[in-house]
Structures are given as structure tokens and as C-alpha cells.
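**Q** Generate a structure from the sequence data that follows.
(2 chains)
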Amino acid sequence: MDSLHHVLAPFGPQAGHVHALWMLTLAVCGLVFAAVLAALLIALMRAGRGNAQSAPDLSTVGRPEPGRRHAVAAALAASTLLLLVLIAASIFTDRALARMSTDGALRLEVTAHQWWWEVRYVEPQVADSFITANEIHVPTGRPVIVTLKADDVIHSFWVPSLAGKKDLIPGRTTTMNFRADREGVYRGQCAEFCGSQHALMAFFVVADAPERYQAWAAAQRSPAPEPPPGPPLRGREIFMRSSCAMCHAIDGTPAQAVRGPNLTHMASRGTLAAGSLSNTPDDLKRWIADPQQIKPGTYMPATQLSSEDMDALVGYLQTLR
Amino acid sequence: MTDSAVPSLAIALALAMALAGCEREMRRFETPPDNQASPSPQAPRTSSLQPAGPRDDPVRLPAGNGQGYEDNAYSVSQGKRLYRWYNCAGCHAQGGGGMGPALTDDQWRYGSEPAQIFSTIVQGRPNGMPSFGGHLNEDQVWQLTAYVRSMSGQLRKDVAPGRGDTLQANEPEAARDPEPARPGTK
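**A** Have a look, this model is predicted:
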């Protein structure tokens, strides 16, 4: 999945504000660092010289240097002033972010699990709500309010091109908001070490034009399509009869478990296992046959199937668009 | 201590530690074929409760008594992971019981022998225990059985899990004292 994951490339107002603050901080700190280095260089050049034969002139060491009080006072004043500038900029950035309009916002509820993301689209009508995993679709230009929860340990929600980080803490609910102004796919990542597969806990934010988003949301609300007769139909039976149905839900079928990601429209997602694999039939087979090989410790047990059964099962899962 | 004594002391210490590790377990690197002797599926399911698609095909009863699983620390720890992954804790909690009966005590409604626990898992039991026969493979059922037995301290301490992958409210299985199991009580 081609996606943007660039800390210094903001594509939304939230990330833009944070980026501006960061640039200011970089400039101020760079200036101070350069000034300190320059002062050090000057001091080194003015220091008394010696060589192997003669000792350096240390006669001035014990005496206070005349006329340097002003320099110290000026440096102190400049440091205080620059620090105040940074504090003020930080406060203004925070205010600007807090005052951004959230009128007509899209509401999402993201629950982090070891090691995947559950995304619930919260609509005013409960029947309109739906659940996806590891992929967040949003309309461009519309604010998004994300409610963050964690299922097991502390995770952190981070889409660097759209907004800053926010922790997801078990037993606590936090919120953040962002807005994507440009269409594109933005990569997100868990930013708090949360266990052995922390690095393989990615997600994607897909920003689409509002009409395309609406079409996508309507498709996600619909239950899984009836598979065509033949191997896909048999694949569904295998799904229901084996251990798959013990953890996963597919809307419109008897599989309703919520331990693992909802698979109702899994074939429409770009990746498998939270960005670990691309969503191709071959990778899907590898993943089902031995998930522990790909993501050791993941809460998905291996499922032993004959190769015909595996083909039928993957054929069925491919129909879940 | 002289300098020359240090290397020989280190070697002696390493030897002692290596010797202490020798008795830990007989590691098997393949699945013990414990159920292959059982001829064919023949036992009926006791419970019609099942995840998603119900199956009414008969299940295979255990041929042995879980030999090879209960003395293998890997199998038991794998059973511990399956216990969480398949959400056994949803009913039995971490062994203390909840919607389902407790598993850490000496009260066994349908028997505490490994073969009886295997049957309970694959056939299901009245009043809520679903039948998982066919939903899990038999290797996994044996691993679960071994782990369930470790919850009440029935296994050797060097085989029972000494830690968990996730938070656990009670003491590790390896630290539990065996409760005298009374098959068939209650």
C-alpha cells in the first residue's frame, strides 16, 4: 500500500500547527546552539597558548575577567526571552488546536489491541454504525473526532502527516481530532512500545473526496455478500466449521465473535495483520496456515487445512469486498 | 583466592548449572501421536452449542490419556496461549470460574482425568459447555487439556507454566499446590 509516513510533511491543519511549532523550536534551539559554539570557539582562540617546552600562561585564571558582566547578562536575558517565546508559541499552538471547529465532525472510536486497531464508525443512528480494522477511511475537509481506548496495554495513536501522538490507556477514554485536507493514504503507527509485535502494528488513514467516502461507508454498512456456489460457498462453510468463526465476525453470517478483527469486508483492505502483509491470496494463505511465523505472539492460532480447503477458504475471503 | 583457582571455579559452577538443567524435561520435537490410535469419529456430541456454524458430525474420543503432553512444558504453555486465544477465559476466567465452573479447585463435574477433559472439550457438556470437536484440531485439544490440568496444580512444577504472556491475577500455575482431584464429585 503506497502511503505517506513523513513527520515533516503535514497534510492537515493539526499537523500543520505542530509542524510550525517544531520549525520555530528548531530555529531557536539551532540559534542558541550556534551561539554557544561560537562563544566556545572564541574562548578557545583567546586562551593562553603553550607548547611542549613552555607551560601555558595561567596568570589570569585566578582573576575575574573585567567587562564580561554585560555579556553574561545579555546571554541570560536572551535565553529567558527565547524560552518565553517558545512557551508562548506552545500555548498559542495548543489554543489554535483546541479552538478548531469540530462542527459536523465524523466520529470514530478506535480501540487498540495487541497488535491491531479496531475502528468503529459511530453514527447518530446505531444501525448505521459499523466496524472495520486497521484501515480508517475519512472524507477530506471534514473534521474527525477520534475516541481512543485500549484493550490490554498502553498504545499510542500516531499519524504523523495528520496529527500528533495520543496515548490509548486501558480503562481511560481520550479523544483527539484531525482533518485531512488532501486526498491520499497516510500511514499510522503505534508509537508506544506495547509488546513484541509493536513494530507490526500499523494502520492506514485513507482520505477520500466526500462522495467517495460516502460510497465506501455505504458499502461497509452492508452485510457480507452471498458467495457464489462452488469453492467460495464451501469456503464459507469451512470458515464456520473451523476455528476461524471462534474469533472473527462476518456480518450477515452466524460468525459474530469479537475477539479478532471484523472480516465482513476484509478483501477491500490493503493489508493483512495490521500492515504486516499485503492482502494477496498467497499472503492470506501463509497467514492462516501459520500466523506465529509471521507475527510471533499474535493471538491467532495456526489453522491446519488441506490445500483444497485452504483454497476454498481464501476464495471465500476474497469475495468479502 | 589465587588467580589460578578462578577459572576452575567458574568451570565447576557452569558444570553444576548445566547438571541442574538436565532434569528439566524430556523435550519432544514432534506432536505426540496420542490420538492416532483411536479408530474413527464415533462419539456423539453432548452439546449442540457451538461457535458459528453448528456441526453434528460425531467426534473422536481420546485413545490415550494425554501421554506426551502433560510432561512437556512447551505443550502446556501452548495450551495456556490457546486458553486465552480461544477465550476459554470468557466463561472460566483465569480458572476461578465465572459463567462456567472454576477449574482451579478439586471439583470436577465430568472427571479430571486428561481423557475426560478431552471428551468434555470435544463433546461439550450440558448447561453451556460448547462442543469444540472439529473446530479445534486434536493436538490443540490435548494442549488445552494439559494446561487445564496445570491450573489446579496437577502437573509437575517444572512443566507447569511459570509465567504468562499477559497480565494474570493469580499466582503462576507452577506455584500452585495440587489439590487432590476427586473424580466424579459434585
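
**Q** give the contact list for the residue nearest to A:Ala257 when sequence neighbours are not counted.
**A** Excluding the flanking residues, the one nearest A:Ala257 by Cβ to Cβ, 6 or more residues apart in numbering or on different chains is A:Cys247, at 5.1 Å. (Glycine included, C-beta is placed from N, CA and C.) Going by Cβ atoms under 8 Å, 6 or more residues apart in numbering or on different chains, A:Cys247 touches A:257, A:259-260, A:299-300, B:85-87.

**Q** mind running it again at 7 Å?
**A** A:257, A:259-260 (Cβ atoms under 7 Å, 6 or more residues apart in numbering or on different chains).

**Q** Report the residue spans of chain A with pLDDT below the cut-off.
**A** Within chain A, the stretches with pLDDT under 70 are A:1-2, A:48, A:50, A:67.

**Q** Once you drop chain neighbours, what's closest to the closest residue to chain B within the stretch 151-300 of chain A?
**A** Chain B sits closest to A:Met240 of the stretch 151-300 of chain A, with a gap of 2.6 Å, by Cβ to the nearest Cβ. Spatial nearest neighbour of A:Met240, excluding adjacent residues (Cβ to Cβ, 6+ apart): B:Gly53 at 2.6 Å.

**Q** So that neighbour sits against A:Arg241, correct?
**A** Yes. With contact defined as Cβ atoms under 7 Å, B:Gly53 counts as touching A:Arg241 (5.0 Å).

**Q** returning to that earlier point: and the contacts of A:Cys247 as JSON lines, adding distance to B:Val148?
**A** Listed next are the contacts of A:Cys247 as JSON lines, based on distance: Cβ to Cβ, whole Å:
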{"residue": "A:Ala257", "distance to B:Val148": "21"}
{"residue": "A:Arg259", "distance to B:Val148": "19"}
{"residue": "A:Gly260", "distance to B:Val148": "23"}
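
**Q** Secondary structure for these - can I get that in CSV?
**A** Shown next, in CSV, are these (DSSP: H, G, I helix; E, B strand; the rest coil):
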residue, secondary structure
A:Ala257, coil
A:Arg259, coil
A:Gly260, coil
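
**Q** now the strands: where do they sit in chain B?
**A** If DSSP state E is used as the criterion, the strands of chain B fall at B:107-108, B:182-183.

**Q** what's the least confident stretch among those strands?
**A** With a mean of 60, strand B:182-183 has the lowest mean pLDDT of those.

**Q** ok, back up a step: my read: the residue of the stretch 151-300 of chain A closest to chain B touches A:Ala255, true?
**A** Yes. A:Met240 is in contact with A:Ala255 according to Cβ under 7 Å; the separation is 6.2 Å.

**Q** looking at chain B, which helix or strand is least sure?
**A** strand B:182-183 (a mean of 60; mean pLDDT, DSSP states H and E).

**Q** quick one: contacts for the residue of chain B found nearest chain A?
**A** Here chain B gets closest to chain A at one residue, B:Gly53, 2.6 Å apart by Cβ to the nearest Cβ. Taking Cβ under 7 Å, 6+ apart as the criterion, B:Gly53 is in contact with A:237, A:240-241, A:245, A:254.

**Q** Got the phi and psi for it?
**A** phi -70, psi 110 (degrees, to the nearest 10).

**Q** And it, how far from B:Gly134?
**A** As judged by Cβ to Cβ, to the nearest Å, B:Gly53 and B:Gly134 stand 10 Å apart.

**Q** and what of B:Ala43?
**A** In terms of Cβ to Cβ, B:Ala43 sits 12 Å off from B:Gly134.

**Q** now B:Asp57
**A** From B:Asp57 to B:Gly134 the distance is 6 Å (Cβ to Cβ).

**Q** Just want to know which of those two has more residues nearby.
**A** B:Gly134 (19 against 10; other Cβ atoms under 10 Å in any protein chain shown).

**Q** A:Leu168: what's its closest spatial neighbour, skipping adjacent residues?
**A** A:Ala150 (4.0 Å).

**Q** Contact partners for that neighbour?
**A** A:111-112, A:168-170.

**Q** Emit the PyMOL select command for whichever of these are buried.
**A** In PyMOL, this line selects whichever of the contacts of A:Ala150 come out buried by 16 or more other Cβ atoms under 10 Å in any protein chain shown:
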select buried, chain A and resi 111+112+168+169
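
**Q** A:Thr25 reaches A:Leu83, doesn't it?
**A** No. Counting by Cβ under 7 Å, A:Thr25 sits too far from A:Leu83 to count as a contact (10.9 Å).

**Q** Could you pull up phi and psi at the closest residue to B:Pro130 other than its chain neighbours?
**A** Leaving aside its chain neighbours, B:Pro130 sits nearest to B:Leu49 (4.0 Å; criterion: Cβ to Cβ, 6+ apart). In terms of degrees, to the nearest 10, the main-chain angles of B:Leu49 are phi -70, psi 130.

**Q** burial measure for B:Leu49, as a count.
**A** B:Leu49, neighbours per other Cβ under 10 Å, totals 16.

**Q** Now do it against B:Phe132, distance only.
**A** Taking Cβ to Cβ, one finds B:Leu49 at 10 Å from B:Phe132.

**Q** tell me which strands and helices the helix or strand where A:Ala71 lies is in contact with?
**A** Element membership of A:Ala71, judged by DSSP states H and E, is helix A:69-98. If you count contacts as 3 or more Cβ pairs under 7 Å, 6 or more residues apart in numbering or on different chains; DSSP states H and E, helix A:69-98 packs onto helix A:13-46.

**Q** Buried ones in the helix it packs on, by neighbour count?
**A** By 16+ other Cβ under 10 Å, the buried positions in helix A:13-46 come out as A:13-19, A:21-22.

**Q** quick one: the helices in chain B?
**A** B:5-22, B:73-85, B:89-92, B:114-123, B:138-151 (DSSP state H).

**Q** Comparing those helices, which comes out most buried?
**A** Of all these, helix B:138-151 carries the top mean neighbour count, a mean of 26, counting by mean count of other Cβ atoms under 10 Å in any protein chain shown.

**Q** ok, B:Asp71 touching B:Gln154?
**A** No. With contact defined as Cβ under 7 Å, B:Asp71 does not count as touching B:Gln154 (12.0 Å).
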